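Visitor: Coordinates for the following, if possible.
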Amino acid sequence: MRPEFPPYSPPPATGLPLVQIDEDYLVLDKPAGLLSVPGRGSDKADCLASRVQRAFPEALTVHRLDMETSGLIVMARNPEAHRGLSAHFEERRVFKRYLAVVAGNFNTSRGTVDLPLITDWPNRPLQKVDHETGKPSCTHFCVVSSGGASGTSRVELEPVTGRSHQLRVHMMAIAHPILGDKLYAPADWRLAAPRLLLHAERLAFPHPRTGSLCEFHSPAPF
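Guide: Next up, the predicted model:
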């Protein structure tokens with residue numbers, strides 16, 4: 001069944017969550033509940049990109065985070081930087097690491113989820129594992145803590161590919177759905193947190209002009 005969503009209610013605009021201002025790029029710490037780019041309809045015009053462009057009209061979107069996901073995101077400040085950063089993403093020269101709180105305890109400290117994903121078209125925007133038509137999708141995980149009385153674990157997730165909802169579907173597929181996930185988690189775990197407990201905590205990429213390594217860290221707010 002195609003999911004039904006409540007009306008879009010973005011967090012208040014209380015100032016740009018700027019982490020770094022460079023002549024070629026901006027790094028921001030997107031709050032949970034805010035779209036990265038405008039959605040369909042005038043009611044979804046408020047987003048990180050539009051807020052940033054009010055202060056930096058030249059800012060260009062390079063990549064996105066899910067609305068429910070918080071954390072680090074980079075925008076370009078000129079066409080040359082946009083081409084360079086976009087190429088870094090396409091050629092997998094960008095390091096991204098997320099922190100998530102997931103259901104259940106692990107009996108291993110690290111591993112890899114290698115499951116092909118495709119849009120569940122009748123139920124879009126849901127994604128699903130499909131071994132026949134899915135696109136290759138790979139996520140490395142490292143367990144930070146597990147085995148507590150809460151029955152949850154904290155894990156670091158490193159996506160090799162960048163499919164839509166990849167981390168959420170991969171964790172669900174190995175029976176460790178992310179807490180607060182309204183799309184994929186069973187009801188008990190969906191209601192176990194007031195938001196999706198997924199945060200883009202580390203971002204590193206070569207500078208689009210100089211090639212020097214740019215590294216950023218944002219501690220998870222949960």
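
Visitor: Kindly list the longest helix within this structure.
Guide: Ranked by residue count, the top helix of the chain under DSSP state H comes out as helix 79-90.

Visitor: Just list the residues touching Val52, thanks.
Guide: By Cβ atoms under 8 Å, 6 or more residues apart in numbering, the contact list for Val52 reads Leu16, Leu26, Leu28, Ala59, Met75. Glycine gets a C-beta too; all of them are placed from N, C-alpha and C.

Visitor: same question, Ala59
Guide: Leu26, Ala49, Val52, Gln53, Met75, Ala76, Arg77 are the contacts of Ala59 under Cβ under 8 Å, 6+ apart.

Visitor: Among these, the buried ones, what's the PyMOL command?
Guide: Written as a PyMOL command, the selection of buried residues from the contacts of Ala59, which uses 16 or more other Cβ atoms under 10 Å, is:
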select buried, resi 26+49+52+75+76+77
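
Visitor: now, which of the contacts of Val52 sits nearest Pro221?
Guide: Set against Pro221, the nearest of the contacts of Val52 by Cβ to Cβ is Leu28 (14.5 Å).

Visitor: you'd agree the closest one is up against Leu16?
Guide: Yes. Look at Leu28 against Leu16 with Cβ atoms under 8 Å: they come within range, at 6.7 Å.

Visitor: So for those two, which sits in the more crowded spot?
Guide: Leu28 (24 against 16; other Cβ atoms under 10 Å).

Visitor: Please read off the pLDDT at that one from the model.
Guide: Note on Leu28: pLDDT of 98.

Visitor: Quick check: phi and psi at it.
Guide: With angles defined as degrees, to the nearest 10, Leu28 sits at phi -130, psi 160.

Visitor: Just the pLDDT for the closest residue to Asp29 other than its chain neighbours.
Guide: Leaving out its chain neighbours, the residue that sits closest to Asp29 by Cβ to Cβ, 6 or more residues apart in numbering is Pro17, at 4.2 Å. Listed pLDDT for Pro17 reads 96.

Visitor: got a list of what Pro17 touches?
Guide: By Cβ under 8 Å, 6+ apart, the contact list for Pro17 reads Leu28, Asp29, Lys30, Pro31.

Visitor: mind listing what the last one touches?
Guide: Applying Cβ under 8 Å, 6+ apart, one finds that Pro31 lies in contact with Pro11, Pro17, Ser70.

Visitor: how does it look with 10 Å?
Guide: Pro31 makes contact with Pro10, Pro11, Pro12, Ala13, Thr14, Pro17, Leu48, Thr69, Ser70, Gly71, Arg195, Pro221 under the criterion Cβ atoms under 10 Å, 6 or more residues apart in numbering.

Visitor: Would you check how far apart the fourth one and Arg54 are?
Guide: Spelled out, it's Ala13. Note on Ala13: its distance to Arg54, by Cβ to Cβ, to the nearest Å, is 9 Å.

Visitor: that older thread, just the ones of the contacts of Pro31 in helices?
Guide: Leu48.

Visitor: With only the CA atoms kept, save stretch 108-124 in CSV.
Guide: C-alpha atoms of stretch 108-124 as CSV (Å, rounded to 0.1, in the frame of the first residue of the first chain):
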residue,chain,number,x,y,z
THR,A,108,28.9,-9.1,14.9
SER,A,109,30.9,-5.9,15.1
ARG,A,110,30.8,-5.0,11.4
GLY,A,111,29.6,-6.2,8.1
THR,A,112,28.3,-5.2,4.6
VAL,A,113,24.8,-5.2,3.2
ASP,A,114,25.0,-5.8,-0.6
LEU,A,115,21.4,-5.9,-1.8
PRO,A,116,20.1,-4.4,-5.1
LEU,A,117,17.4,-1.8,-4.7
ILE,A,118,14.6,-0.4,-7.0
THR,A,119,11.6,1.8,-6.6
ASP,A,120,8.5,0.0,-5.4
TRP,A,121,6.6,1.8,-8.1
PRO,A,122,2.9,1.1,-7.0
ASN,A,123,4.0,2.2,-3.5
ARG,A,124,6.4,5.0,-4.4
